[in-house]
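>>> Structure for this input, please:
(one chain, ligands or ions: 1)
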Amino acid sequence: MCPYGRAAEYPGGMRSEAIAYPTLRIRPIPLLHSPTAMHTPTTQSSADLIIIIGAGAAGLMTAIQAARTTGRRITVLDGAARIGAKIIVSGGGRCNVTCDPDTAGTEQPHTYNGSSPAAIRKVIRRFDARQTVDYFQSIGVELTREDSGKMFPVTNRASTVLDALIHAAEKSGVQIEYPRRVQTVTRTDDGQFTCHTDDGRKYCAARLVLATGGKSLPKTGSDGHGYELARSLGHSLTPRLFPALVPLNVSTDCFVRTVPGIATPAAVSVRSSTGAKIIEFTGSLLCTHFGLSGPVILDVSRHYLDARAGDPGTQLLINWLPGETFDTFEETLLDRRIARLTPLQLLTQRDLPRNLARAITAQVPNLGRSAPLSSMTRTGRRAFIRATVEQAIPVTGDRGFTHAEVTAGGVPLSEVQLKTMESRICPGLYLVGEICDVDGRIGGYNFQWAWSSGFVAGTALATES
Ligand SMILES: Cc1cc2nc3c(=O)[nH]c(=O)nc-3n(C[C@H](O)[C@H](O)[C@H](O)COP(=O)(O)OP(=O)(O)OC[C@H]3O[C@@H](n4cnc5c(N)ncnc54)[C@H](O)[C@@H]3O)c2cc1C
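Presented below is the predicted three-dimensional model:
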């Protein structure tokens, strides 16, 4: 099931943004190294070995970068039967590799959440969107910018990105072994790490990288076990790990459920129980059979869920006419030139899809559908304004990690040296990608974090003595 709702229901046209999500059908990638051929003994031990747990975006970038300039042997272990699953399903199967290099929004507030913006920025600046575009070009992936600023491979296929990363890793001599799920990791007093896999193998290494992702879309292999591995090595986790970029459920009687498939621009805000505005995003919203989805909802979701955890009275408000406020819309309604229009006519004139406009007006008690605006009472007018530009939505929860794109929370960046991504708690351990307490907005920011943190760790591993 598509995490955004029913992708097939997206109508075409200007007010819809196609964000289809393919079924998780991943083309088998040949095993680079047959497990039986490689590991007759059950223990691989070497002081010059670097083990990377996780062959996702961050793990592959770390491996390639570390292997380019180091003589060390690098082995990547991944528990999934197919590696790179998240790259394959990302961006509706097209992989939104990064954000617009010209406007790379790291300076805008709320592009990234979690650990301090300054810390996140420090890592991103070491390998930013521009360098990412150049880097992918260097491994044979041409990226193109869409009007939204998102960067996709010109082939429009996520497999182009994954194939190029695997090829670059292979060319650099990186060994990728899967399925090899790491159950436990221990560290001896002399600083050696031992990874125990679920098939009884042991891997010893002087350097260990945790690139195990978060908890989102667990069937891809990122099921949160990496957090336990980090904890077992002395790290803490943020008090909460919760879904981010996740669709929201609404109560069964909420009208948005009656118009599934309708997508429209909207401004969505989070308000505290006292009515204070916490945050607002504007973008495409999708009504679904369970509630709300679409880019603007995904962006706002982590802020809503975070606020509600501390304040159960937190509200989600939708403005179906972004740009209008209560006051400006009231002025419009009092304008004599449109006095003959009905509320429904007015909303459809403002480009709201007819069924949605009908559903919105049906929320307002005693609003005569065929009565003109001029006949509205003050109370009726104010109720209509609230339903249109300040509609409180009865959110009952979120769609969970199985439908979330990323995880909010993780290992705090305060426990990591930002110049190297090496742990401050456990020397020789590196943490990259989604396992860290960093989550970004829709638009390529999450992969950018994976590339940047992987690049920083890989460079450090390659250059250390
Ligand atoms: C549907 C969907 C669409 C998305 N689209 C985009 C997009 O277009 N643009 C964007 O920027 N972001 C997107 N994201 C987010 C992006 O995919 C993640 O931020 C990114 O993949 C994180 O990379 P990572 O390498 O840290 O973790 P992951 O990609 O999750 O990789 C972690 C790897 O570690 C392995 N692993 C975990 N535990 C173990 C263990 N114990 N032993 C061995 N291996 C283990 C897993 O099998 C997995 O392969 C999307 C996410 C989803 C779910």
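
>>> Show me what residue 185 is bridged to.
Assessed by DSSP bridges, residue 185 has beta-bridge partners residue 195.

>>> count of residues packed around it?
Neighbour count of residue 185, defined by other Cβ atoms under 10 Å: 22. To be clear about C-beta, it is placed using only N, CA and C from the backbone, and glycine gets the same treatment.

>>> was I right about it contacting residue 208?
Yes: look at residue 185 against residue 208 with Cβ atoms under 8 Å: they come within range, at 6.7 Å.

>>> what touches both of these two?
Counting by Cβ atoms under 8 Å, 6 or more residues apart in numbering, the contacts common to residue 185 and residue 208 are 53, 193, 195.

>>> buried subset of those residues?
53, 193, 195 (16 or more other Cβ atoms under 10 Å).

>>> Quick check: nearest residue in space to the first one, chain neighbours excluded?
Pointing back at residue 53 there. Once flanking residues are discounted, residue 53 sits nearest to residue 182: 5.0 Å by Cβ to Cβ, 6 or more residues apart in numbering.

>>> Quick one: residues contacting the one you found.
For residue 182, the contacting residues are 53, 77, 79, 195, 196, 197, 198, 225, 229, by Cβ under 8 Å, 6+ apart.

>>> Mark which of the residues you listed are part of helices, please.
Using DSSP state H, 225, 229 are the members of the contacts of residue 182 that sit in helices.

>>> List only buried entries from the contacts of residue 182.
Buried members of these, counted by 16+ other Cβ under 10 Å: 53, 77, 79, 195, 197, 225, 229.

>>> how about the third one, what does it touch?
This points to residue 79. By Cβ under 8 Å, 6+ apart, residue 79 lies in contact with 178, 179, 180, 181, 182, 198, 221, 225.

>>> what would the residues you listed look like in TSV with secondary structure?
Below are the contacts of residue 79 laid out as TSV (DSSP: H, G, I helix; E, B strand; the rest coil):
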residue	secondary structure
178	coil
179	coil
180	coil
181	coil
182	strand
198	coil
221	coil
225	helix
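
>>> Using pLDDT, spot the least trustworthy of those.
pLDDT across the contacts of residue 79 is lowest for residue 221, at 93.

>>> Spell out which residues of this structure are next to the ligand.
Residues of the chain that fall close to the ligand, judged by Cβ under 6 Å from any ligand atom: 21, 53-59, 77-80, 83, 86, 89-91, 95-96, 181-182, 211-213, 216-217, 221-222, 225-226, 405-406, 433-434, 444-447, 450.

>>> and the residue of the stretch 1-150 of the chain found nearest the ligand, what does it touch?
Using Cβ to the nearest ligand atom, the closest approach of the stretch 1-150 of the chain to the ligand is made by residue 56 at 2.1 Å. By Cβ under 8 Å, 6+ apart, residue 56 lies in contact with 78, 83, 84, 86, 87, 211, 213, 222, 433, 434, 450.

>>> Scan these and report the most crowded one.
When neighbours are counted by other Cβ under 10 Å, residue 433 leads these with 33 neighbours.

>>> For the nearest residue to it once chain neighbours are set aside, grab phi and psi.
Nearest residue to residue 433, sequence neighbours excluded (Cβ to Cβ, 6+ apart): residue 58, at 2.7 Å. Torsion angles at residue 58 (phi, psi; degrees, to the nearest 10) stand at phi -70, psi -40.

>>> what's the burial count for the nearest residue to residue 414 once chain neighbours are set aside?
Leaving aside its chain neighbours, residue 414 sits nearest to residue 115 (6.9 Å; criterion: Cβ to Cβ, 6+ apart). Residues near residue 115, counting by other Cβ under 10 Å, number 23.

>>> before we move on, what about residue 370?
Look at residue 370: counted by other Cβ under 10 Å, it has 8 neighbours.

>>> hmm, back to that, just curious, which of the contacts of residue 56 is nearest to residue 346?
Ranked by distance to residue 346 (Cβ to Cβ), those are led by residue 86 at 43.8 Å.

>>> picking that back up, which among the contacts of residue 79 gets closest to residue 350?
Closest to residue 350, out of all of the contacts of residue 79 and judged by Cβ to Cβ, is residue 221, at 45.6 Å.

>>> All set now, cheers.
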